[in-house]
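Visitor: From the sequence below, what's the structure:
(chains A and B)
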2 protein chains.
Amino acid sequence: MGKLLIVGTLAFDAIESPFGKTDRILGGAATFIGLAAAQFDVQSAIVSVVGDDFPDSYLDILKKKNIDLSGVEIVNGGKTFFWRAKYMNDLNVRETLVTELNTLASFDPKVPEEFKTTDVVMLGNLHPSIQMSVIEQLKTRPKLIILDTMNYWMEHTWDELIAVLRHIDVLTLNDEEARQLTGEYSLVRAAEQIQKMGPKYVVIKKGEHGALLFHRSNIFFAPALPLEEVFDPTGAGDTFAGGFAGYLAATTNRSFENLKNAVIHGSNLASFCVEKFGTERMVNLEREEVARRLEQFKELTQFNIEIE
Amino acid sequence: MGKLLIVGTLAFDAIESPFGKTDRILGGAATFIGLAAAQFDVQSAIVSVVGDDFPDSYLDILKKKNIDLSGVEIVNGGKTFFWRAKYMNDLNVRETLVTELNTLASFDPKVPEEFKTTDVVMLGNLHPSIQMSVIEQLKTRPKLIILDTMNYWMEHTWDELIAVLRHIDVLTLNDEEARQLTGEYSLVRAAEQIQKMGPKYVVIKKGEHGALLFHRSNIFFAPALPLEEVFDPTGAGDTFAGGFAGYLAATTNRSFENLKNAVIHGSNLASFCVEKFGTERMVNLEREEVARRLEQFKELTQFNIEIE
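Guide: So this is what the prediction gives:
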């Protein structure tokens, strides 16, 4: 059974969308990554930080998925990272209303001894120096280091971001971020530039417009499953990353063919995440449903044309 | 050899993009549809109207592709439909600067006798009453009537549009238009509603984000090929439609599987159209290049996951 080390936020999210409003619910990149990866036969651990306001019931949700939480620091008297956002009518536009870093502001990740040797590392969107500190704690080079980032780090911590990119295998980011990082409008050219910065593989997430995987001259595309109703896009990108990383930790093959499969598994899991608020859909997701929806993904994308 | 009747504009286009500027060049929906369909073994005819300012050399381009032009009316002393547009930096936003209908304003389509019996009809974006008039002239029901439309007709000729929709098999339109036609934001739901209006198949074109084919509970998606450089998106939608219609006229099978293939062929041909200004790329396109790029489409989208 492959090992997966997940580094990212555990958070309180408060979400408003045209479909309703939540009070503080369980959120955070590591949460969504962990729940998605739990769909595969992996031994995973989360490294994160919370305050003592973080309910045991939330930790139990993750523990029940067999996720090792010994790397989650609980700060006495501290408050957990909090994020409040509002989605506009078409759910493609989101406004962040509140970001309270709280204990995250002084997060100093400690990788549990047992996970200093791991198959895959999934570094959720965090300060690039925190991501680097995790890599430095590893005893052996993992088969695959995957890193997620965002525009904020390009604007505020450029040098640190460039430094950590040299040490990773797969960068995941969205289309606008790929353009910002490289100054190239064409995603094909942007992915070429990013491969020169370190990562051998680039995954460009386009939300409802799917995801692209680049490696040398190979390009693979997975659509988002068209749904009757999207309820809450929060966590979809992290769920994608968790499915991608979890599948690659559960399998050993690092071929382009297998990374394609990982992209499909990630897209498949993300299609569930958006069907309910927060983590609700992911917490109760059955492997049987996942397999059935994979069939839908095949029907959606596979064709059989004879080329002369 | 299947027969394809194409009804649409022959036009002068003047295009400005971040990559350059053209004077009046050959354009129009029927032009792009005809050039794309010419990649298949079809006998096709264009029904359209131009003024006597339309150069013989433009007509020769189409004739050389074995397109029957006996249904193209040349109005003495008339001027050809003219369209001037400007693309913004990201090529997704286009501003129409000039639309001169000229001879198109009194276009009264006359289907050549030989094409009153045809396998496929491709009705390019025109006034729905003109589209209806073509259907009324047919002696036998074609295997497939495909219709393209746009928001303008929803706003100005709603009743006529609804009337013609009852008589067609496939509607092609873009995502915003599908939403406008049905009042449904979800494209899945919009396609369900459209199927109640007449067309058994719905193709939703999302430009650089690909195209979706809907039929009952079946959904198929084809991405746009990611390109290093997009030069001029003009005609991409019509080229898609021409490839779709041409493939279906060349084959006889109306199964969902074959319509999937038609969507792929349409997407494949559209990927060439945008590589140069106007019709330049399509006029000189070789079947060998088309077949090679189909291989790229396969690599881009096909995967092999065993589902337990």
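Visitor: where does chain A have low pLDDT?
Guide: A:308 (pLDDT under 70).
Visitor: change it to 90
Guide: By pLDDT under 90, the low-scoring segments of chain A are A:1, A:17-20, A:88-94, A:229-231, A:252-253, A:305-308.
Visitor: which stretches of it form helices?
Guide: Secondary structure of chain A (DSSP state H): helices at A:29-37, A:56-64, A:128-137, A:151-156, A:158-165, A:175-182, A:187-196, A:236-250, A:256-273, A:280-283, A:287-301.
Visitor: okay, those in TSV with mean neighbour count next?
Guide: Where you see a C-beta, it was placed from the backbone N, CA and C, and this is true even at glycine. Converted to TSV, these look like this (neighbours: other C-beta atoms under 10 Å in any protein chain shown):
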stretch	mean neighbour count
helix A:29-37	31
helix A:56-64	15
helix A:128-137	19
helix A:151-156	14
helix A:158-165	17
helix A:175-182	19
helix A:187-196	18
helix A:236-250	29
helix A:256-273	24
helix A:280-283	20
helix A:287-301	16
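Visitor: Mind putting the ones you listed into JSON lines with distance to chain B?
Guide: Shown next, in JSON lines, are the helices of chain A (distance: least, C-beta to the nearest C-beta, whole Å):
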{"stretch": "helix A:29-37", "distance to chain B": "16"}
{"stretch": "helix A:56-64", "distance to chain B": "23"}
{"stretch": "helix A:128-137", "distance to chain B": "27"}
{"stretch": "helix A:151-156", "distance to chain B": "17"}
{"stretch": "helix A:158-165", "distance to chain B": "22"}
{"stretch": "helix A:175-182", "distance to chain B": "9"}
{"stretch": "helix A:187-196", "distance to chain B": "5"}
{"stretch": "helix A:236-250", "distance to chain B": "10"}
{"stretch": "helix A:256-273", "distance to chain B": "5"}
{"stretch": "helix A:280-283", "distance to chain B": "17"}
{"stretch": "helix A:287-301", "distance to chain B": "5"}
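Visitor: Distance to A:Phe82 for the ones you listed - can I get that in a markdown table?
Guide: Output for these, formatted as a markdown table (distance: least, C-beta to C-beta, whole Å):
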| stretch | distance to A:Phe82 |
| --- | --- |
| helix A:29-37 | 14 |
| helix A:56-64 | 13 |
| helix A:128-137 | 18 |
| helix A:151-156 | 17 |
| helix A:158-165 | 24 |
| helix A:175-182 | 24 |
| helix A:187-196 | 32 |
| helix A:236-250 | 17 |
| helix A:256-273 | 20 |
| helix A:280-283 | 19 |
| helix A:287-301 | 31 |
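Visitor: how about those helices, which one is nearest B:Val230?
Guide: helix A:187-196 (10.1 Å; C-beta to C-beta).
Visitor: and the angle from that closest one to helix A:175-182?
Guide: Going by axes from the mean of the first three to the mean of the last three C-alpha atoms, to 10 degrees, helix A:187-196 is angled at 50 degrees with respect to helix A:175-182.
Visitor: residues in contact with helix A:187-196?
Guide: A:165, A:171, A:175, A:178-179, A:181-184, A:202, A:204, A:212, A:214-216, A:219, B:226-228 (C-beta atoms under 8 Å, 6 or more residues apart in numbering or on different chains).
Visitor: Is A:Val42 in contact with A:Met1, as I believe?
Guide: Yes. With contacts counted by C-beta atoms under 8 Å, A:Val42 reaches A:Met1, the gap being 6.4 Å.
Visitor: any common contacting residues for these two?
Guide: Joint contacts of A:Val42 and A:Met1 (C-beta under 8 Å, 6+ apart) are A:Ala250.
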